[in-house]
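K.L.:
below are the sequence and a predicted model; questions follow.
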Amino acid sequence: MASDPSPRNVSNALGGLGLGVAVIAVILTAFALWALRHVLTPLILAMFLFLVIGGLERSLRTRTRLPARAVLPAAMIGVVTLFGLALWLIADNGAHIVAESGGYTAKLDAMLKVAAGRAGLQAAPTIDQLFHQLNPEHYIAAVASAVGDVAEKAVLVLIYLGFLFASRAGFGRKLDEMFEAGRQAEALVVMARIQNGVEGYIFLQTVVGLLVAAGSALIMWIMGLSHVMFWAFLIFLGNYIPVIGVAIAVLIPTVFGLIELDAIWKALAIFIAMEVVHFVAAHVILPRMQGERLNMDPLVVLLSLAFWGVIFGVAGAFLSTPLTVMVMAVCAEFRATRPIAALLSADGRPFDGEKRKA
């Protein structure tokens, strides 16, 4: 007759079962997020803007003498104005680049002719010939569809954002009904961690992005590249995509430098100098600031970029770190998921090792 299983064997079996259930839950959750990405993407962007406006609202309330009723409208107007200026900068410089495309085409044809001569080809293809071989109608339709999708999502983001602000007044009463007595404080702690983490990330990336963009703008101006403010703005935006954002953004003005500038060494100098600026900002300045504000493992930042990028596309790439901060804040609150939060953190003590109740 078999003996009863020991408590250790039972504990190991339950632990393995719990791990299996957790893995299955993560896979199902990821699939559900991916399946609902078209609905959730504008909502997540609206929540991100909601947190940004909320942080600016608190900053204005504590650091200015604006009347209490004017603080929120001022914060909303400030954020909307910044986005409007960004769209204007992109549209205006994009129109100038399109208007100058004829000159770019002539220079590209000359570069192709030189390259073909060095390669021993008798006739070099022109840009127009290559363009027609690429079947531009197909890509134009794809671009038009993408632009329409962005416009649709932008409208949904604004609608969701309006409803988030409209429902903010009754949030306290909803919190009382959602949680038992005594648990509301813990829910508020989790939300405060999410808010502080997202605001800390925005502050870090904004400061570092401004430094990289300013240094890159100075380099491009010295070398004589045109549309300096436009390229600097793209580099600033790319900084919000961890790891690869700035590296990719730096390549775009370098390619235009090859076309626009007279000497190839100038374009190479622009690329190398901007990469040096990015390296110093990412590996010297950011880690010192990040250690105080964002307790997240660098490998987790890279993996979260890949994961959320697959789920939500470009929006997921931009918001990969804030979304991971949210996951870490929620996991840190419960005993069963606290090891996950420790794994996501940089030092194994998410949120400064606060004592939490399970």
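P.N.:
Perfect, I can see it now.
K.L.:
now the stretch 251-358 of the chain, which segments are flagged as low pLDDT?
P.N.:
287-294, 336, 351-358 (pLDDT under 70).
K.L.:
what about residue 330, how many neighbours?
P.N.:
Residue crowding around residue 330 was assessed by other CB atoms under 10 Å; the count is 16. (Each C-beta comes from the backbone N, C-alpha and C, glycine too.)
K.L.:
you'd agree it is up against residue 190?
P.N.:
Yes: counting by CB atoms under 8 Å, residue 330 sits close enough to residue 190 to count as a contact (6.1 Å).
K.L.:
got a list of what residue 286 touches?
P.N.:
Shown here is residue 286, whose contacts under the criterion CB atoms under 8 Å, 6 or more residues apart in numbering are 204, 208.
K.L.:
SS state for it?
P.N.:
Judged by DSSP: H, G, I helix; E, B strand; the rest coil, the three-state class of residue 286 is helix.
K.L.:
residue 225 reaches residue 261, doesn't it?
P.N.:
Yes: Residue 225 is within contact range of residue 261, at 6.7 Å (criterion: CB under 8 Å).
K.L.:
give me the common contacts of the two.
P.N.:
With contacts defined as CB under 8 Å, 6+ apart, no residue is adjacent to both residue 225 and residue 261.
K.L.:
so how far is residue 240 from residue 317?
P.N.:
From residue 317 over to residue 240 the distance is 9 Å, taken as CB to CB, to the nearest Å.
K.L.:
now do residue 167
P.N.:
Here the distance between residue 167 and residue 240 works out to 27 Å (CB to CB).
K.L.:
with neighbour numbers in mind, choose between those two.
P.N.:
More neighbours surround residue 240 than the other of residue 167 and residue 240, with 20 against 10 (other CB under 10 Å).
K.L.:
need the pLDDT of that one.
P.N.:
The predicted local distance difference test score for residue 240 is 81.
K.L.:
got a list of what it touches?
P.N.:
Applying CB under 8 Å, 6+ apart to residue 240 gives the contacts 205, 209, 318.
K.L.:
which of those sits closest to residue 342?
P.N.:
When the contacts of residue 240 are compared for distance to residue 342, the smallest value, 24.2 Å, is given by residue 205; criterion: CB to CB.
K.L.:
does the closest one touch residue 239 like I think?
P.N.:
Yes: at 5.6 Å, residue 205 counts as touching residue 239 under the criterion of CB under 8 Å.
K.L.:
from the chain's centroid, how far away is the helix or strand containing residue 255?
P.N.:
In the assignment (DSSP states H and E), residue 255 maps to helix 245-260. From the chain centre to the centre of helix 245-260 is a distance of 20 Å (CA atoms, centre = their mean, to the nearest Å).
K.L.:
residues in contact with that helix?
P.N.:
If you take CB under 8 Å, 6+ apart as the criterion, helix 245-260 is touched by 104, 107-108, 111, 212, 216, 220, 223, 225-227, 231, 234-235, 237-239, 241, 264, 266-268, 270-271, 274-275, 278, 282, 317.
K.L.:
likewise stretch 39-53?
P.N.:
When contacts are taken as CB under 8 Å, 6+ apart, the neighbours of stretch 39-53 outside the stretch itself are 33, 72, 75-76, 79, 153, 156-161, 164-165, 194-195, 198-199, 202, 312-313, 315-316, 319, 322-323.
K.L.:
let's see it at 6 Å
P.N.:
Under the criterion CB atoms under 6 Å, 6 or more residues apart in numbering, residues 75-76, 79, 153, 156-157, 160-161, 164, 195, 198, 312, 315, 319 lie in contact with stretch 39-53.
K.L.:
how close does the residue sitting nearest the centre point of the chain get to residue 72?
P.N.:
If you average the C-alpha coordinates of the chain and look for the closest C-alpha using CA atoms, centre = their mean, you land on residue 318, 1.6 Å from that point. According to CB to CB, residue 318 stands 25 Å off from residue 72.
K.L.:
with residue 263 instead?
P.N.:
In this structure, residue 263 and residue 72 are 53 Å apart, going by CB to CB.
K.L.:
higher neighbour count, the two?
P.N.:
residue 72 (18 against 11).
K.L.:
need the contact list for the more buried one.
P.N.:
By CB under 6 Å, 6+ apart, the contact list for residue 72 reads residue 57.
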